[in-house]
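1. I'd like to go over a predicted model; first the sequence, then the structure.
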Amino acid sequence: MTACEIHVPIAPTAPFFGGIRLLAASVRRSGGGLADARLVVTVSRNCEPYDIASTLPWSQGYDIEWRWVDPKLFDEFGMAATATQRFTYGFDAPLVLMLDADVLCTGSLDELFEQGTRSIAGVTAYVWPHPYLKYRDGVDRPRASFWPELFRFAGLPTQPLVSEYPGWKVMEEATNRHSSSSSSGLERLTRRFCPPYFNLGVLAASSETIERLGTTIFDDLATVNRFCTAVHRCQLALTLAMVRTATRPVEMPLRFNFPNDPGCWEEYPDEAADIRILHYMRSKEVDRDVFRASPERLRDFLQRREISPVNSFMQSQVAELGDTALGIDRPSPQAEPEPRLRFVRPLIPSSEKWVPFLVPAYASGWFSNHGPVVQRFERELQERCGIPERDVAVVSSATSGLVATLIALRVQGPVAMPAFTFPATAHAVRLAGCTPVFCDIDPDTWELDPGAAAEAIEAAGCVAIIHVRAFGLCRDTSQVEALAARVGVPLILDSAAAFGGHTEGGPALGAGGAAEVFSFHATKPFGIGEGGAVLAPPSIAQRVREVINFDLVRGEPRGRGLNAKMSEFTAAIGLAMLADFDSVLATRREACARLTEIAEQDDRTEPPARAGRPPWQCFPMKVAEPRMCQGMLDALANRGVEARILYQPALHRTTAFKQHADRALPVTEDLTGRILCLPVYADLSDREAAMLNDTLDHVFRVADRSAMSP
């Protein structure tokens with residue numbers, strides 16, 4: 001954990017990105033004990049979000065985290081939301097430092113840590129009212145009444161005007177130029193003094209203080225917006241929030257927010273001699289949006305002569321950062337971003353690992369029809385599962401495995417199954433000559449409700465049950481097993497994504513029902529391209545082998561069959577995959593353990609309950625409502641994580657199967673669109689795992705509660 005987090009708001013433009021590069025380089029060089037501060041940049045949404053980190057590869061060298069402002073907040077508050085949203089984050093460091101993108105760190109920031117962690121520290125901003133201020137009610141009030149009127153409007157007691165901007169003598173002349181009439185002594189005095197009113201360009205506070213201010217600051221920003229139009233409305237909102245939360249400020253000297261103003265340099269020579277943070281606002285000599293817009297503009301600035309001492313000082317600071325801080329990569333917001341973490345990233349063994357397993361096939365010239373490599377693969381799968389009473393028949397896919405199993409079990413007629421599943425399950429039922437009967441699911445397990453299945457069996461005369469292990473989770477199926485035994489119909493477990501999993505405290509899967517079917521598709525934890533396996537009693541497994549070979553027995557077709565055999569090449573990949581599968585499972589389980597902890601911390605989401613020890617094809621979690629689920633999906637995408645909402649729509653609502661929608665499925669309807677799935681990889685690196693964790697955590701912490709709650 002670092003001692004400090006630095007949070008900066010920007011717009012997604014070349015000058016702002018250039019400013020971030022200069023700021024990051026200066027902090028890393030000169031920040032003293034805060035040089036390794038975590039740097040978080042919040043970006044406004046006046047363009048389509050894109051992956052900034054990949055567009056600006058230099059940012060990875062500074063370990064910058066990019067966050068897009070919440071779209072609903074931006075719609076309501078505009079650019080002010082970009083600055084204000086920073087107060088609503090959760091923080092891991094004891095100190096939070098709010099900076100603008102047009103500042104340079106020119107000396108140690110340790111004193112900010114000492115003062116800021118006590119409460120809140122900053123440099124008082126220039127005195128209001130600003131010349132561009134307009135009251136919403138249209139009344140033209142004396143300037144002296146601004147602060148009392150604002151506090152009265154906000155329902156707060158009037159505060160004493162005791163704080164004075166150190167540079168008021170210099171800045172007052174500029175303010176008077178905007179006034180059509182000369183100011184009276186009272187107005188001049190009122191403009192000079194104000195409540196503790198901090199410039200958000202440099203603000204240091206403890207994380208607890210920032211979080212406390214964050215509970216009210218958007219309400220106070222809305223209050224300011226109702227009261228007046230103001231250029232620096234975020235700073236006004238902060239003033240109200242500080243008063244409302246009884247936050248006692250510490251005013252820092254000018255050297256911690258020194259403007260590039262020649263008059264201030266002359267008026268405050270002691271402060272100028274020890275500048276810690278230089279705030280380069282627009283001036284006649286330096287336009288902040290121009291000089292950092294490109295490497296060429298920066299070089300032009302460095303070559304300028306006959307400029308004021310303060311800007312000459314800024315030249316020396318920029319020059320000392322070196323060439324690496326001067327190049328500015330230009331973003332391409334029009335380009336469609338590539339997710340940093342795609343939903344699926346298959347890890348197939350390299351050819352060097354699986355080609356040696358093909359030696360027996362080449363030696364015998366036997367490349368299909370249950371050859372020597374397939375036979376070995378089946379034996380090793382059976383040994384791994386450790387279920388002596390079960391045999392393994394490998395197939396070309398889990399779909400064909402389900403079809404072959406239904407045929408092998410002589411199932412003909414209605415089959416009870418959930419509508420909350422991937423279409424392959426229902427396709428297999430119809431391809432086997434059967435009819436799907438969709439049943440409702442349990443709201444806690446997301447899997448077939450035994451009570452609903454019992455009703456369907458009685459009403460529709462179902463002759464078999466297919467139970468789907470949703471998302472490859474490894475829950476107890478004893479209730480549906482008991483139902484199948486009681487009514488005397490075969491139970492088939494569609495465990496497509498669950499190979500390698502265990503029930504809690506139990507053995508590896510594969511012993512369930514009359515048969516259990518697994519997928520080896522590239523998207524699955526045991527992904528070998530295509531393929532699958534059926535685990536069943538030896539007699540049933542043998543019938544499956546016959547069915548997938550056209551149901552030929554001694555050359556004669558005996559009944560319904562298909563060609564669904566696994567090739568020797570696929571089996572060779574499977575043998576190579578088995579050798580590394582334990583490490584694959586360990587990586588996936590470790591990643592999901594942390595995701596479970598994060599999901600449990602938010603009362604709007606539920607990680608899988610009683611999930612056993614699944615292989616975790618993905619990480620599913622139930623979300624409060626579909627609108628929130630979609631919002632999380634978008635927020636994750638904005639941060640480069642491709643998540644998905646699976647099993648949507650439910651099968652009884654699809655064109656292919658809507659004719660089978662003959663019963664009410666209220667739980668299925670309720671859950672459809674509410675299960676958000678995060679990516680999990682077999683080769684997830686530590687950095688990717690941290691990014692995934694931080695992203696999920698960020699989505700929970702930052703998402704607008706009103707938009708993310710039912």
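-> Great, that's in hand.

2. Point out where the stretch 1-150 of the chain drops to low pLDDT.
-> Judged by pLDDT under 70, the stretch 1-150 of the chain has its weakly predicted residues at 1, 126-131.

3. Could you rerun that using 90?
-> For the stretch 1-150 of the chain, the stretches with pLDDT under 90 are 1-3, 14, 45-66, 68, 70-72, 89-92, 117-119, 123-134, 139-147.

4. same thing with the stretch 251-400 of the chain?
-> 260-264, 266-268, 281-307, 319-341.

5. Helices of that one, start to end?
-> Assigned by DSSP state H, counting those that start in this stretch, the stretch 251-400 of the chain shows helices spanning 262-267, 269-272, 288-291, 295-302, 309-320, 351-354, 359-364, 372-385, 398-408.

6. Deepest-packed of those helices, please.
-> Ranked by mean neighbour count, the helices of the stretch 251-400 of the chain are led by helix 398-408 with a mean of 28 (mean count of other C-beta atoms under 10 Å). In this view, the C-beta of every residue, glycine as well, is placed from N, C-alpha and C.

7. so how far is it off the chain centroid?
-> 38 Å (C-alpha atoms, centre = their mean, to the nearest Å).

8. helices or strands next to that helix in the packing?
-> strand 391-395, helix 423-431, strand 491-494, strand 515-519, strand 532-536, helix 538-547 (3 or more C-beta pairs under 8 Å, 6 or more residues apart in numbering; DSSP states H and E).

9. Swap in 7 Å and give it another go.
-> Under the contact criterion of 3 or more C-beta pairs under 7 Å, 6 or more residues apart in numbering; DSSP states H and E, helix 398-408 touches helix 423-431, strand 491-494, strand 515-519, strand 532-536, helix 538-547.

10. picking that back up, please name whichever of the helices of the stretch 251-400 of the chain is nearest to G107.
-> Smallest distance to G107 across these (C-beta to C-beta): 9.9 Å, for helix 309-320.

11. Next, the angle helix 295-302 makes with that closest one.
-> For helix 309-320 against helix 295-302, the angle by axes from the mean of the first three to the mean of the last three C-alpha atoms, to 10 degrees is 130 degrees.

12. Okay, strands next: where are they in the stretch 151-300 of the chain?
-> For the stretch 151-300 of the chain, the strands defined by DSSP state E, counting those that start in this stretch cover 163-164, 193-194, 198-206, 228-229, 249-251, 258-259, 277-279.

13. rounded to a whole number, what's the mean pLDDT of the second one?
-> Put plainly, it is strand 193-194. Mean per-residue pLDDT for strand 193-194: 73.

14. Neighbouring strands of that strand in the sheet, and parallel or not?
-> Here strand 193-194 is paired, per DSSP bridges, with strand 163-164 (antiparallel).

15. try the third one
-> In the sheet, strand 198-206 lines up against strand 95-99 (antiparallel), strand 120-124 (antiparallel) (DSSP bridges).

16. neighbours around I465, how many?
-> Neighbourhood size, I465 [other C-beta atoms under 10 Å]: 29.

17. same deal with the one 10 residues further on?
-> The tally of other residues near R475 (other C-beta under 10 Å) stands at 23.

18. That one should be in a helix, yeah?
-> No. If the criterion is DSSP: H, G, I helix; E, B strand; the rest coil, then R475 is coil and not within a helix.

19. Tell me which helix or strand comes right after the host helix or strand of G18.
-> G18 belongs to helix 14-30 when assigned by DSSP states H and E. Using DSSP H and E, the helix or strand that follows helix 14-30 towards the C-terminus is strand 38-43.

20. tilt between that following strand and helix 14-30?
-> Comparing the axes of strand 38-43 and helix 14-30 via the same axes, to 10 degrees yields an angle of 170 degrees.

21. Who are the contact partners of the residue nearest to V41 when sequence neighbours are not counted?
-> Leaving aside its chain neighbours, V41 sits nearest to V8 (5.0 Å; criterion: C-beta to C-beta, 6 or more residues apart in numbering). By C-beta atoms under 7 Å, 6 or more residues apart in numbering, the residues touching V8 are I20, L23, V41, L99, D100, A101.

22. Quick check: pLDDT value at the closest residue to C264 other than its chain neighbours.
-> Nearest in space to C264, with sequence neighbours left out and distances taken as C-beta to C-beta, 6+ apart, is G167 at 4.7 Å. pLDDT for G167: 72.

23. I figured G167 hits W265, correct?
-> No. Counting by C-beta atoms under 7 Å, W265 is not a contact partner of G167; they are 10.1 Å apart.

24. Might one say that D697 is in contact with I598?
-> Yes. Between D697 and I598 there is a contact at 5.3 Å, judged by C-beta under 7 Å.
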